[in-house]
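Enquirer: model the following, please.
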Amino acid sequence: MFKKKKIALGVAAGLVGLAGIMSSAQAVHINNDGTGQALLFPYFNAQEGYVTNINLINSTDETKAVRIRFREGKESKDVLDFNLYMSPEDVWTGSIKMDTSTGTPMGSVTTTDHTCALPALASCKDGKCSVTEPFDGYEYYSGLSPSDTLEGYVEVIEMGVVTDSTVQYGVLHQRGEPNNCGVIADAWYRNTFSTGKGAAAKGLGAPTGGLMGSSAILNVPEGTAFAVDPIAFENYTAEAHHTRPDDTKNFDLPSLASGTITTSEIMVKKDDGTVDMVVTDWKKYHHPNGTIGDACLLDNDPKTPACGDNPYPVAHALLASNIMNEYFLDPTDGYDGHTDWVVTFPMRKLGVFNQDGITQLTKTELKNDAGYPTGEYVCVTSTGEEYPMEDVNPDCKLYGDVQVAFGEEIFDREEGRVKDANFSPYSAYPRVLEREVNVLSFISTDPSYDDSRTVLSSDHTLPEGKAHADLGGLDVDDFVFTDAFVSGWARMRFPAWYNLSAWVDDINVYGAAPDSYYSDSFIYQGVPAAGFAAIEGNVSQNAGARFGDAIPHKVQR
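Expert: This is a model prediction of the structure:
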């Protein structure tokens, strides 16, 4: 499945910060400078009262073909996408908000931007018009509702650099307007552009990166804003990949699983204090049923479009075994603090740690070397694979949805801690996050805390058919109770069985370290995740002086 090789850098532990910038030019990685070939905006909110503004910037002197894709929050389905043809130093802007024109609230994007697009958007020239595109793509799929489109996330993929001079001139802005956006449709009609990858993508050269952006999640009635930057992926692909949004077989391409670069990298501190760069070469995608091929087509649904066979480099770049962040719930002195954590799983739709339903394992008592029962138990699969009970649950049920745990790792600001009341084995149920975009609301039992509202106004209704404890019809998994603590921080961990190296086959390790040195190490443990803590409150006792802050999650491996 994949091969790993270790490049020994011999960097002292005190130089880890310096070593972190020594990135391989051949590996997929997150660019902390904020520019890349692909961008991931981890969250948008179109709930009532909310608007999410997206800014996308081409920071280069090249003309770029870019796919922008809006994914709903339940299953990450593509509910709207289109191509942008951005001239040098161009900016595209759009606002995601609720659309009620059909009588049923759903998400939508509105733009007044004149950047050339396919299909055409905001093509009028007086600077006062706008166009709204609803996220009605949810109708294409079964099991989705309009409400699922009110939250989600946004992917931006550079398809390539436009090489055709006619198109370059047509999309170039003069006095605030493109010269002629009609060149886009004409290029597809005349076969100047063609669907394909590499040389088959006529009219495009290989992507060069340089995309950047920002987003602002605005609570209009309260006057608060949460500024959230996208995650930027560099060295995602070495080939152009051009598709049309109206191609029913390929509208999900390119995606975060279709890049041609098969390697990812991570810096590892060894026991002796030195730091190594470990480069992992991931090969073809393996579906959990053992089949090799496209990560989406393997579901055997004829309506599912292709999405690529290379999800692991990006998955590894996003991997987290622990997520840490702050919370602020202080009701004193008029602060009226509230906190929501956004936790997005952008690779889950690609089959990475996502099996359908619940697998019932067998609770088995361990025996010692003499064959006598030890009184300790494990959960065993039908093939004999063992999971510690604390990594599953007391009933030995392995959930397809992602399991998380806070355990005893909810802290106040003075090192006090409280157990998570909803974490196995402290209760009969594990904490399960069943959506692709999950919003966890922190709640305090302080008598002055206002528990009648949450920050992001997410729908916390208990999912239909979910065999789980509920909180008055709400999903108890979506709430983190901090007891009487009103401010502090928390660490959310993923069970150890989420391990990329165990999920795939044929691990080979090359380098000075033994073959097993990295195979069993922490660098492959965790779940690909993104998100932030949204903290809101009053600046003072003036109820109209609200503040909002978005704090990116910190990752611990």
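Enquirer: so where is the stretch 201-350 of the chain shaky, pLDDT-wise?
Expert: 269-270, 283-292, 298-300 (pLDDT under 70).
Enquirer: could you pull out the helices for it?
Expert: 312-317 (DSSP state H, counting those that start in this stretch).
Enquirer: would you map the strands across it?
Expert: 204-205, 211-219, 224-228, 231-234, 241-242, 263-269, 275-282, 319-320, 322-328, 338-344 (DSSP state E, counting those that start in this stretch).
Enquirer: got those strands as TSV, with mean neighbour count and distance to residue 491 columns?
Expert: For every residue, glycine as well, the C-beta is placed using N, CA and C. Compiled in TSV, the strands of the stretch 201-350 of the chain are given as follows (neighbours: other CB atoms under 10 Å; distance: least, CB to CB, whole Å):
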stretch	mean neighbour count	distance to residue 491
strand 204-205	20	44
strand 211-219	21	24
strand 224-228	20	21
strand 231-234	23	21
strand 241-242	26	38
strand 263-269	20	19
strand 275-282	21	23
strand 319-320	24	11
strand 322-328	21	5
strand 338-344	26	12
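Enquirer: nearest to residue 381, of those?
Expert: Nearest to residue 381 among these is strand 319-320; the distance by CB to CB comes to 23.1 Å.
Enquirer: centroid-nearest residue for this structure?
Expert: Geometric centre of the chain, nearest residue: residue 346, 3.4 Å, by CA atoms, centre = their mean.
Enquirer: nearest to residue 76, out of the strands of the stretch 201-350 of the chain?
Expert: Between the strands of the stretch 201-350 of the chain, strand 338-344 lies closest to residue 76; by CB to CB that is 8.9 Å.
Enquirer: partners of the closest one in the sheet?
Expert: Strand 338-344 has the following sheet partners, assigned by DSSP bridges: strand 437-443 (antiparallel), strand 530-538 (antiparallel).
Enquirer: alpha carbons only: can I get that strand in CSV?
Expert: The C-alpha coordinates for strand 338-344 follow below in CSV (Å, rounded to 0.1, in the frame of the first residue of the first chain):
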residue,chain,number,x,y,z
HIS,A,338,-20.2,30.9,25.2
THR,A,339,-18.0,28.5,23.2
ASP,A,340,-18.6,26.1,20.3
TRP,A,341,-15.9,23.9,18.9
VAL,A,342,-16.1,23.1,15.2
VAL,A,343,-14.6,19.7,14.3
THR,A,344,-14.6,18.9,10.5
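Enquirer: which strand or helix spans the nearest residue to residue 118 once chain neighbours are set aside?
Expert: Once flanking residues are discounted, residue 118 sits nearest to residue 83: 4.3 Å by CB to CB, 6 or more residues apart in numbering. Residue 83 is part of strand 78-86 when elements are defined by DSSP states H and E.
Enquirer: quick one: strands adjacent to that strand?
Expert: strand 64-72 (antiparallel), strand 116-118 (antiparallel).
Enquirer: who's in contact with it?
Expert: 56, 58, 63-72, 92, 107, 109, 115-119, 121, 133-138, 149, 152, 159, 162, 167, 171, 181, 184, 244-245, 251-252, 305 (CB atoms under 8 Å, 6 or more residues apart in numbering).
Enquirer: now which of those would you call buried?
Expert: Buried members of the contacts of strand 78-86, scored by 16 or more other CB atoms under 10 Å, are 56, 58, 63-72, 92, 107, 109, 115-118, 121, 133-138, 149, 152, 159, 162, 167, 171, 181, 184, 244-245, 251-252, 305.
Enquirer: so how far is residue 159 from the residue nearest to residue 265 when sequence neighbours are not counted?
Expert: Spatially, and ignoring its direct neighbours in sequence, residue 265 is nearest to residue 27 (4.1 Å; CB to CB, 6+ apart). For residue 27, the distance to residue 159 (CB to CB, to the nearest Å) stands at 21 Å.
Enquirer: same check on residue 73?
Expert: To residue 159, residue 73 is 25 Å away according to CB to CB.
Enquirer: on that earlier part again, got TSV for the strands paired with strand 78-86, with distance to residue 434 and mean pLDDT too?
Expert: Formatted as TSV, the strands paired with strand 78-86 follow (distance: least, CB to CB, whole Å; pLDDT from 0 to 100):
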stretch	distance to residue 434	mean pLDDT
strand 64-72	14	98
strand 116-118	34	95
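Enquirer: of all those strands, which lies closest to residue 454?
Expert: Per CB to CB, nearest to residue 454 of the strands paired with strand 78-86: strand 64-72, 19.7 Å.
Enquirer: please, which helix or strand holds the residue in the chain sticking out farthest from the centre?
Expert: Going by CA atoms, centre = their mean, the residue of the chain most distant from its centre is residue 370, 48.3 Å out. Applying DSSP H and E as the criterion places residue 370 outside every helix and strand.
Enquirer: leaving out the residues flanking it, which one is nearest to residue 258?
Expert: residue 308 (3.0 Å).
Enquirer: my guess is the one you found contacts residue 262. True?
Expert: No - the criterion here is CB atoms under 8 Å, and residue 308 misses it with residue 262 at 11.7 Å.
Enquirer: run a quick neighbour tally on residue 315.
Expert: As a burial measure, residue 315 scores 25 neighbours (other CB atoms under 10 Å).
Enquirer: going forward, begin numbering at 6 instead of 1
Expert: Shifting the count to begin at 6 puts that one at residue 320.
Enquirer: OK, contacts around it?
Expert: So residue 320 contacts 352, 355, 357, 505, 533 (CB under 8 Å, 6+ apart).
Enquirer: swap in 7 Å and give it another go.
Expert: 352, 357, 505, 533 (CB atoms under 7 Å, 6 or more residues apart in numbering).
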